[in-house]
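S.K.: need coordinates for the following:
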Amino acid sequence: MCRRPPSSSVRAPRAALRGRPRVARAMAFSETNPAASSLPNGDCGRPRARPGGNRVTVVLGAQWGDEGKGKVVDLLAQDADIVCRCQGGNNAGHTVVVDSVEYDFHLLPSGIINPNVTAFIGNGVVIHLPGLFEEAEKNVQKGKVFDFHQAADGIQEQQRQEQAGKNLGTTKKGIGPVYSSKAARSGLRMCDLVSDFDDFSERFKVLANQYKSIYPTLEIDIEGELQKLKGYMERVKPMVKDGVYFLYEALHGPPKKILVEGANAALLDIDFGTYPFVTSSNCTVGGVCTGLGMPPQNVGEVYGVVKAYTTRVGIGAFPTEQDNEIGELLQMRGREFGVTTGRKRRCGWLDLVLLKYAHMINGFTALALTKLDILDVFTEIKVGIAYKLFGDIIPHFPANQEVLNKVEVQYKTLPGWNTDTSNARTFKELPVNAQNYVRFIEDELQVPVKWIGVGKSRESMIQLF
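M.R.: A predicted model of the protein is given here:
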């Protein structure tokens, strides 16, 4: 009797892309990227899947983003077979430095620098096609987001400012509107674009007119947009595959190293982040399964990336923020400007309450501690270890923003090291107080630190085990 091979319990859109730029040999999109073909059908002639199959290694941000995930992915991607993006859009920004050349990534997985990998963009990612091709071409030289989604995002931000006196601080890349279209079942996916362009065009017109009715000041050249999209369709069609089938084959075929690069970070997650000042996707480990169409038993190592201090872009509660000379020094030494927006990042001390919360959700198996060298000039370093509300320690990370704004942080003060760490290449080469700082974090979180970053290059990542 033929038995159907196991598949993910999540029914999701899918995607795969193959390209030829110098930075990558191949790429693959899931067909159901918001802009499907058959699941494995259990034919008797198909080889049986190996029990369990391959495991994916996941890299996730543990704070509010900008932790240095790209550098960790770059290290792991050097011997990977497939690198994946599972959520977000071109609102994410990762920077990788290789041979003194700086690469910026927004939609493409940063692991694509390895010329031997296949880059897979899963169904949980929303794709702005002009941005995708521009990014690929720039890096060669050195769900779909339509342009009207981006324009609508800007109008929404303006309306929030006028009505409430504040906005969410979005990147204005159209991420919120396109995920809204997806939830409303009016969005268009990669499979729609590459299947029947006439049908796609009619649905596009309906969607565009819906946006125009909601935002009367929004100007859309519908025919012009469709003409551009037709050109993109011809370029992207060879890259689009059934993502669920593609990844199933990778997981249950010969041994492969599969790497998943999370965008944004735990505290920006639509469900678990500091709502409403969050992004529109699931940036935590659950987003890996729903954003790639794979079962949870194939998740292996989950690495949390933690900056040695804390930063945040835009507004929202930030308990350990230092709106003073300390914050300015961290901002200046760390060059804390957003890769996507160029905005200054707010800076503060490391927050262990926040990190424990992120660990509860994601189950980190190890941490990468980045930018330790930025703390080289401090004689004392504070670490947030608890929150108090009305004088009493609270046992959890508050979900409500108004409550989070009111907490008082209880700090532990540790001695600094006043020594340049940028040339250290082993843990023993770090000053004793820097070693103690790392061990303190490990002890408090009960998660081992696997890497320590003391600079921008690959070589400046110290591996402990």
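S.K.: from here on, contacts and neighbour counts on C-alpha atoms
M.R.: OK.
S.K.: could you dump the helix or strand where residue 104 lies to CSV, C-alpha only?
M.R.: Using DSSP states H and E, the element containing residue 104 is strand 101-105. What follows is strand 101-105, C-alpha atoms only, in CSV (Å, rounded to 0.1, in the frame of the first residue of the first chain):
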residue,chain,number,x,y,z
VAL,A,101,33.9,45.1,0.7
GLU,A,102,30.6,46.0,2.4
TYR,A,103,27.4,44.3,1.1
ASP,A,104,23.9,45.5,2.1
PHE,A,105,21.0,43.1,1.8
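S.K.: the next helix or strand after that strand pairs with which strands?
M.R.: Counting by DSSP H and E, the element after strand 101-105 in chain order, helix or strand, is strand 118-121. Sheet pairing of strand 118-121 (DSSP bridges) gives strand 26-30 (parallel), strand 82-85 (parallel).
S.K.: hang on, the earlier thing: elements contacting the strand holding residue 104?
M.R.: strand 94-98, helix 129-141 (3 or more C-alpha pairs under 8 Å, 6 or more residues apart in numbering; DSSP states H and E).
S.K.: chain center to it, what's the gap?
M.R.: Distance of strand 101-105 from its chain centroid, counting by C-alpha atoms, centre = their mean, to the nearest Å, is 16 Å.
S.K.: looking at it now, give me its mean pLDDT.
M.R.: The average pLDDT within strand 101-105 is 76.
S.K.: may I have the strands that pair with it, each with its orientation?
M.R.: Partner strands and pairing direction for strand 101-105 (DSSP bridges) are strand 94-98 (antiparallel).
S.K.: least trustworthy helix or strand in the chain by mean pLDDT?
M.R.: One helix or strand of the chain scores below all others by mean pLDDT, DSSP states H and E: helix 147-164, with a mean of 45.
S.K.: what ranges do the helices span in the stretch 151-300 of the chain?
M.R.: 175-183, 190-195, 197-214, 222-236, 243-252, 286-292 (DSSP state H, counting those that start in this stretch).
S.K.: so which bits of the fourth one are buried?
M.R.: By neighbour count on 16 or more other C-alpha atoms under 10 Å, the buried set for helix 222-236 is 225-226, 229, 232-233, 236.
S.K.: which one of the residues you listed is nearest residue 403?
M.R.: residue 225 (44.8 Å; C-alpha to C-alpha).
S.K.: and the closest one, how far from residue 428?
M.R.: The gap separating residue 225 from residue 428 is 58 Å, by C-alpha to C-alpha, to the nearest Å.
S.K.: can I see the domain layout of the protein?
M.R.: Under the assignment the TED database, the domains of the chain span 56-145+237-463, 148-236.
S.K.: ranking those domains by burial, who's on top?
M.R.: domain 56-145+237-463 (a mean of 20; mean count of other C-alpha atoms under 10 Å).
S.K.: let me see the backbone angles for residue 427.
M.R.: With angles defined as degrees, to the nearest 10, residue 427 sits at phi -60, psi -40.
S.K.: find the centremost residue of the protein, please.
M.R.: In the chain, the centroid-proximal residue (C-alpha atoms, centre = their mean) is residue 263; its distance is 0.4 Å.
S.K.: wait, that one sits on residue 60?
M.R.: Yes - applying C-alpha atoms under 8 Å, one finds residue 263 in contact with residue 60, separated by 7.2 Å.
S.K.: what touches both of those two?
M.R.: Each of residue 283 lies in contact with both residue 263 and residue 60 under the rule C-alpha atoms under 8 Å, 6 or more residues apart in numbering.
S.K.: how about the contacts made by residue 324?
M.R.: Residues in contact with residue 324 (C-alpha under 8 Å, 6+ apart): none are found.
S.K.: for it, grab phi and psi.
M.R.: phi -160, psi -160.
S.K.: how far away is it from residue 310?
M.R.: Residue 324 sits 14 Å away from residue 310, taking C-alpha to C-alpha as the criterion.
S.K.: kindly report the same for residue 301.
M.R.: Distance, residue 301 to residue 310, using C-alpha to C-alpha: 24 Å.
S.K.: low-scoring pLDDT stretches of this protein, where are they?
M.R.: Within the chain, the segments meeting pLDDT under 70 span 1-27, 34-51, 91-94, 98-99, 139-174, 177, 184, 339-341.
S.K.: right, and residue 464 touches residue 450 too?
M.R.: Yes - using C-alpha under 8 Å, residue 464 is in contact with residue 450, at 5.2 Å.
S.K.: circling back to that earlier point, save the strands paired with strand 118-121 as JSON lines, and put in distance to residue 214 too.
M.R.: Formatted as JSON lines, the strands paired with strand 118-121 follow (distance: least, C-alpha to C-alpha, whole Å):
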{"stretch": "strand 26-30", "distance to residue 214": "30"}
{"stretch": "strand 82-85", "distance to residue 214": "31"}
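S.K.: how far away is residue 66 from residue 335?
M.R.: Distance, residue 66 to residue 335, using C-alpha to C-alpha: 11 Å.
S.K.: how about residue 356?
M.R.: Separation of residue 356 from residue 335 (C-alpha to C-alpha): 26 Å.
S.K.: do residue 428 as well
M.R.: Taking C-alpha to C-alpha as the measure, residue 428 falls 27 Å from residue 335.
S.K.: repeat for residue 55
M.R.: Distance of residue 55 to residue 335, computed by C-alpha to C-alpha: 36 Å.
S.K.: ok, now residue 243?
M.R.: Residue 243 sits 38 Å away from residue 335, going by C-alpha to C-alpha.
S.K.: for residue 105, same thing?
M.R.: Note on residue 105: its distance to residue 335, by C-alpha to C-alpha, is 18 Å.
S.K.: same question for residue 178.
M.R.: 31 Å.
S.K.: ok, residue 32 next?
M.R.: Between residue 32 and residue 335 the distance, using C-alpha to C-alpha, works out to 37 Å.
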